[in-house]
Each structure stands twice: as structure tokens, then as C-alpha cells.
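J.: based on what follows, work out the 3D shape:
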Amino acid sequence: MKKNFFVFAFLGFAAMLFSQEENSQKKWNNNFMGGLAVPVTLIEADSRDVSILSFAQEIGYVGMHSNGFTVKAVEKSGFSFTDDIKFDGSDDLIGGAFVALDFGAGYSFVRTSGFNLSALAMIGFELETFEGELEEDYVHAELGEVDKSQTCTFLSLTLGADILAMFRIKNHFSIYANVAARYIPVGGLANTVIYAKDKFSRTDSVGDDFKNSFSFTPTVGVVFSL
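T.: So this is what the prediction gives:
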């Protein structure tokens, strides 16, 4: 009898844990995202105005509670292009690398079995790096004949909002569209030139600050929900 009591007590405890886990899963919906983004960044620095067009892959997580509270974290990485940066007077379109990371929270004010619409406040950073072509046998006034390479880097703090729409296709699969608007309250750019010859190298760097700039990013992709 005593043995049966412990068996039933164990089964009851296990059933209670399972019930709590099931209810918890119903309250919190986990969504893993992957998509393609097209960030457009407009930077107004003291020394120059720069427009940057990027193409990036996006991966992220969105958690939605049954009460509507929503959290989001996304990472984007890809390629950037601009013709507003001139390396040695060249007017060619140059390419570079793009990385962005954002975190935020908000509210899903439309929640149905087939459609979710959310608004979130976001904070993050954005990085673009451009490199000029290596110039061999460049004649420097002080160093003589050297190899010359140039890099221009933009790093921005971003604040803004996302509007996220998710359209359910099957039980665990959806497609999503997201529009992100960002204000850049502060950022910095660095122009770096490296002169190298044999084992010798010299780096010259000039920095500049910028603020009151903006970026805008539309994204589409797929969602796997748990």
C-alpha cells in the first residue's frame, strides 16, 4: 500500500510538471527567423554626406507572450555599396562589409491563428567597412616607394522601431515582412591608410563624428515556430 502511494504520488507530480510545461509553452511562443534585408543608411558627417546601400541576410528570434508582450533580437550581415567614398579620387562604386545587431521589446496588438502584427522599440549598432584596392609601388613623399592600402569604417549607435507582420502558412511555418526605421544619434567614421614595405609599415588614421543620421531597412523571410 505504501509502495503504491509513492508510485501514485510520483505519477501525480510528473503530471503536474508536464501540465505546467504545457501551459508555459502555450503562454510563450518562440519564433526563429531567417530572411533577406536591404538596409539604406544616410550619414551626415561634418566632412561628407554618405549614402550606403546594403544587401544582407538576417537571422533572429522573436518571442511572443500570450498577453502580447514581444521581444526580438536580430543579426544582419552582408555587403554594402556606395559611390560617396573616394579612394584616390576614383568615382567608381565601391563595395564593403555590413554588420548590424539589434535588440528590442514591444507589443503584438494583432494575434490570430493566421496573422500577427507587432510594434517594437529597438536599440543596436551598425557597422560598414570599405577597403580600397591595394596600390603597389606607391611613391610617398617621406617613405618613398611603398604599398598603400586604405580603409573607411562607419560605426553607428541606432535607436528606432520595427513593424513586424507574420503570416502563418502551416502549423510551424510562417512568412514575415519587417520594416525597420532607425535614428542614429551618434556615430564615428575612421579613414585609415597603411603604407608597407618589406617588414616596415606605417598607419595614418583620421577620425570624424557624425549624428542626426538615419537608416531604413525592409526585410522579408521565413519563420519556424515552436
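J.: where does this protein have low pLDDT?
T.: 1-26, 46-47, 88-91, 134, 136-137, 141 (pLDDT under 70).
J.: hey, where'd the helices end up in it?
T.: The residue ranges that make up the helices of the chain, judged by DSSP state H, are 2-27.
J.: which residues in it form strands?
T.: 28-37, 40-44, 49-65, 69-82, 94-111, 115-131, 135-140, 144-168, 173-197, 200-210, 213-225 (DSSP state E).
J.: show me what counts as buried in the fifth one.
T.: Going back to what we said before, that points to strand 94-111. Within strand 94-111, the residues that count as buried by 16 or more other CB atoms under 10 Å are 94, 96-102, 104, 106-108, 111. The C-beta positions use only the backbone N, C-alpha and C, and glycine is treated the same way.
J.: and the two most separated of those?
T.: The most widely separated members of those are 94 and 111, with 44.6 Å between them, by CB to CB.
J.: any chance of the buried residues of strand 94-111 in CSV, with distance to residue 62 too?
T.: Shown next, in CSV, are the buried residues of strand 94-111 (distance: CB to CB, whole Å):
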residue, distance to residue 62
94, 34
96, 29
97, 26
98, 22
99, 20
100, 16
101, 15
102, 12
104, 10
106, 10
107, 12
108, 9
111, 12
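J.: tell me the one of the residues you listed nearest residue 53?
T.: When the buried residues of strand 94-111 are ranked by distance to residue 53 (CB to CB), residue 98 comes first, at 9.7 Å.
J.: wait, isn't that closest one in contact with residue 40?
T.: No - Residue 98 is beyond contact range of residue 40, at 11.3 Å (criterion: CB atoms under 8 Å).
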